[in-house]
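Colleague: Here is a sequence together with a model predicted from it:
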Amino acid sequence: MSGYTFSAENLKEIDKLLKRYPSKEALTLPILWMVQNDLGYLSNIALREASKILDMPTSHFYSVASFYTMFKFKKSEKVFVELCKSLSCELNNSDELYEYLKTRDDIELVRVECLGSCGSSPMCAINGKYHENLNIKKLDTILGDKDAL
Amino acid sequence: MLFKNVSARFEIENSNSIDVILEHNGYEMVKKLQEFTPEQIIQEVEKSGLRGKGGGGALAGAKWRLLEKAKGKKYIVINADESEPGTFKDRSIIEKDPHLLIEGIILTAYALNSNDAFIYIRGEYQEQAKILQKAIDEAYEKGFLGDETIHKYNIHLTLHRGAGAYICGEKSALLESLEGKRGHPRLKPHTPSPEYFFNNPTLVNNVETIATIPSIIKNGSSFYKNLGVEPSCGSMLFGVSGHVNKPGIYECEFGVSMLDYINTLGGGVKGESIKAVITGGVSTGVIPFEIVKDIKLTYEDLRKAGSSLGTGGMIVMNESTCMVKALKNILSFYHDESCGQCTPCREGTFWVDATLDKFLDGSATLEDIEILKSNSKIMNGKTVCVFAPSVSTVIDSFLKYFQDEFIAKIKVDV
């Protein structure tokens, strides 16, 4: 089993943050983000490494991470599409986008709660990046250009 | 009708860059920081009548005073966990004038004798977090933040990303999350008290509230107090979305007519007519057109109408909107986002969500109307935070004004 090491840059950032917060427990979310940004998900081995740095049990990281919907325990193999389903998007036909996206098997689709783009609805985030004022045609073009995603 | 105070620099090209903003009076008040005493700043904020822009609308000065009186190391935390459907105003500040927010944070920290501030930004705002981090880095480089600042007051500012939990916008849940825990709201004390971050007294304020501080210090409290309609003093980044032609964020003084706002700034309703408006994010009640047409955007007017101003993010619905489906949308949001700590909220949101499904699939009976009402009652006033009571308000308002539509969905067995 290969190990996990935090990059020198991340270790430097951790050192900086340890001085900023009154307790190292507060670094839980920042460290979880570091791992997820690095691997695309939270791996068991990385969380064990994180537990050594903060001197807290690995279970703590699981307990906290499982509360937050953005943390993943499995890597998305496909393009990750988060379609906003909140009211302003629904009023502007996000259901139509949902019906369309359901037919595509080249993406991993989830319907998420408000992403704060009500003024430019309907919208979705593709691999985390916001795409707003969408319609099927626009969405089709965006998803067609795999290199740009 | 537009009144640009916080949004004054939004239209400037590259307004989120420090070099640009320094040419447009950026950090003007921070440069003059030592001309003010902390007490002067607190008093200006108290006299201005500034109210928290995160939804509650409590007086900012009173909240500041609680922290000022507290003993020990103090922290300032900025709530940028904007997740309320219909709300996207803080995002506009972060994207278009992050340095205004940072200037406000420096003034606040100085006034309250704190050297450490945090911005808790929702995880989904990845691009916005990058913009904000760049702004923070620039402010460090230019000597506005750090250990040796040009204004001779040391302050560190750290950006902290959330990870997709609506409840972390509730200030005590936000602090739990900032402490590295699950975001469960805390029990509230019976007497007014500051918040606590690892047992240190802490101020939690919304992005827009803090971004308003520089203008109050620059122009004086009377400038701000004279805007709007007392006790709703000042201006606010109201937002409008849903069935309108020009959705967006438009800053106005308090007291403008809701209908004028929708028609003038929001470009009017998309469709034939306005059926109803959710007044300030989905946690506030819905009001039908008959009320919308006469209402003014103040905390008091909206409370009188049985709703509240909330975050100022209005969702307009036209005549084609199915109110049962709209409520179902909102309840499915609440069901997803209940943190699960309190039973009435965790189970109540589940039951109402499931009951609304029955209306939509045609299996509801008259008894289900009573189930909605009794669930609403059970959720109100029995939980740690105001999440469940807000759900109650929403359910009650939909049933108060649009019960006919719910009844129309009931198919009577022959």
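Modeller: On my side now, so go ahead.

Colleague: When you work out contacts or count neighbours from here on, use the C-alpha atoms and nothing else.
Modeller: Fine.

Colleague: Could you chop the chain up by domain?
Modeller: Since you didn't name a chain, this refers to chain A. Per automatic domain parsing, the domain ranges recorded for chain A read A:8-67, A:79-144.

Colleague: switch to chain B, that's the one I care about
Modeller: B:6-225, B:235-318, B:323-407.

Colleague: Residues of chain A that sit close to chain B?
Modeller: For chain A, the residues in contact with chain B (CA under 8 Å from any CA of the partner chain) are A:20, A:22-23, A:25-30, A:63-65, A:67-71, A:85-89, A:91-92, A:113-120, A:128-129.

Colleague: Helices of chain A, residue ranges please.
Modeller: Secondary structure of chain A (DSSP state H): helices at A:8-20, A:28-39, A:44-54, A:58-65, A:87-91, A:94-102, A:136-144.

Colleague: Tell me which of those sits most buried.
Modeller: When you average the neighbours per residue for each of those (mean count of other CA atoms under 10 Å in any protein chain shown), helix A:87-91 leads with a mean of 27.

Colleague: Mean confidence (pLDDT) on that helix, please.
Modeller: pLDDT averaged over helix A:87-91 equals 98, rounded to a whole number.

Colleague: From the rest of the structure, what touches that helix?
Modeller: Surrounding helix A:87-91, the residues in contact under the criterion CA atoms under 8 Å, 6 or more residues apart in numbering or on different chains are A:118-119, A:121-123, B:85-86, B:241-243, B:315, B:317, B:321, B:326, B:329-330.

Colleague: Skipping adjacent residues, who's closest to the spatially most central residue of chain B in space?
Modeller: Note on chain B: the residue nearest the mean C-alpha position is B:Gly54, at 2.7 Å, using CA atoms, centre = their mean. Setting aside the residues directly before and after it, B:Gly54 is nearest to B:Asn206 in space (CA to CA, 6 or more residues apart in numbering or on different chains), at 5.1 Å.

Colleague: same question, B:Thr87
Modeller: Take B:Thr87 and drop its neighbours on the chain: the residue closest to it by CA to CA, 6+ apart is B:Gly313, 4.8 Å away.

Colleague: Confirm for me that that neighbour is in contact with B:Phe238.
Modeller: Yes. With the criterion set as CA atoms under 8 Å, B:Gly313 and B:Phe238 qualify as a contacting pair; they are 5.8 Å apart.

Colleague: Looking at those two, which is more packed in?
Modeller: Between B:Gly313 and B:Phe238, B:Gly313 has the larger neighbour count (other CA atoms under 10 Å in any protein chain shown), namely 29 against 23.

Colleague: what's near enough to touch that one?
Modeller: By CA under 8 Å, 6+ apart, B:Gly313 lies in contact with B:86-89, B:238-241, B:279-281.

Colleague: One more pass at 10 Å, please.
Modeller: A:118-119, B:55, B:84-89, B:237-241, B:248-249, B:278-282, B:284 (CA atoms under 10 Å, 6 or more residues apart in numbering or on different chains).

Colleague: what's the residue nearest to B:Gly54 sitting at in phi/psi?
Modeller: phi -70, psi 150 (degrees, to the nearest 10).

Colleague: could you say which helix or strand contains B:Ile239?
Modeller: Check again: residue B:239 is Gly, not Ile. Using DSSP states H and E, B:Gly239 maps to strand B:235-242.

Colleague: so how far is that strand off the chain centroid?
Modeller: Relative to its parent chain, strand B:235-242 has a centroid offset of 11 Å by CA atoms, centre = their mean, to the nearest Å.

Colleague: List the strands paired with it, with their directions.
Modeller: strand B:248-253 (antiparallel), strand B:313-318 (parallel) (DSSP bridges).

Colleague: winner for burial among those?
Modeller: Among the strands paired with strand B:235-242, ranked by average contacts under mean count of other CA under 10 Å, first place goes to strand B:313-318 (a mean of 27).

Colleague: near chain A, anything from the helix or strand following that one?
Modeller: Per DSSP H and E, the first helix or strand lying C-terminal to strand B:313-318 is helix B:323-337. Yes. If you take CA under 10 Å from any CA of the partner chain as the test, helix B:323-337 does meet chain A, through B:325-330, B:332-334, B:336-337.

Colleague: What ranges in the chain fall below the confidence cut-off?
Modeller: No chain specified, so I'll use chain A. Judged against pLDDT under 70, the low-scoring parts of chain A cover residues A:1.

Colleague: um, chain B though
Modeller: Filtered on pLDDT under 70, chain B yields the residue ranges B:412-414.

Colleague: Show me the strands in it, by range?
Modeller: Read by DSSP state E, chain B holds these strands, from start to end of the chain: B:75-80, B:116-121, B:156-161, B:195-197, B:200-206, B:228-229, B:232-233, B:235-242, B:248-253, B:274-278, B:286-288, B:313-318.

Colleague: Could you export the ones you listed as a markdown table, including distance to B:Tyr401?
Modeller: Shown next, in a markdown table, are the strands of chain B (distance: least, CA to CA, whole Å):
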| stretch | distance to B:Tyr401 |
| --- | --- |
| strand B:75-80 | 33 |
| strand B:116-121 | 36 |
| strand B:156-161 | 39 |
| strand B:195-197 | 38 |
| strand B:200-206 | 32 |
| strand B:228-229 | 28 |
| strand B:232-233 | 27 |
| strand B:235-242 | 19 |
| strand B:248-253 | 27 |
| strand B:274-278 | 9 |
| strand B:286-288 | 7 |
| strand B:313-318 | 14 |
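
Colleague: re earlier: which residues are in contact with both of B:Gly313 and B:Phe238?
Modeller: When CA under 10 Å, 6+ apart defines a contact, the residues bordering B:Gly313 and B:Phe238 alike are B:87-89, B:248-249, B:280.

Colleague: Reformat these as JSON lines; add distance to B:Asp97.
Modeller: Written out in JSON lines, the entries for those read as follows (distance: CA to CA, whole Å):
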{"residue": "B:Thr87", "distance to B:Asp97": "18"}
{"residue": "B:Phe88", "distance to B:Asp97": "14"}
{"residue": "B:Lys89", "distance to B:Asp97": "12"}
{"residue": "B:Gly248", "distance to B:Asp97": "16"}
{"residue": "B:Ile249", "distance to B:Asp97": "14"}
{"residue": "B:Gly280", "distance to B:Asp97": "23"}
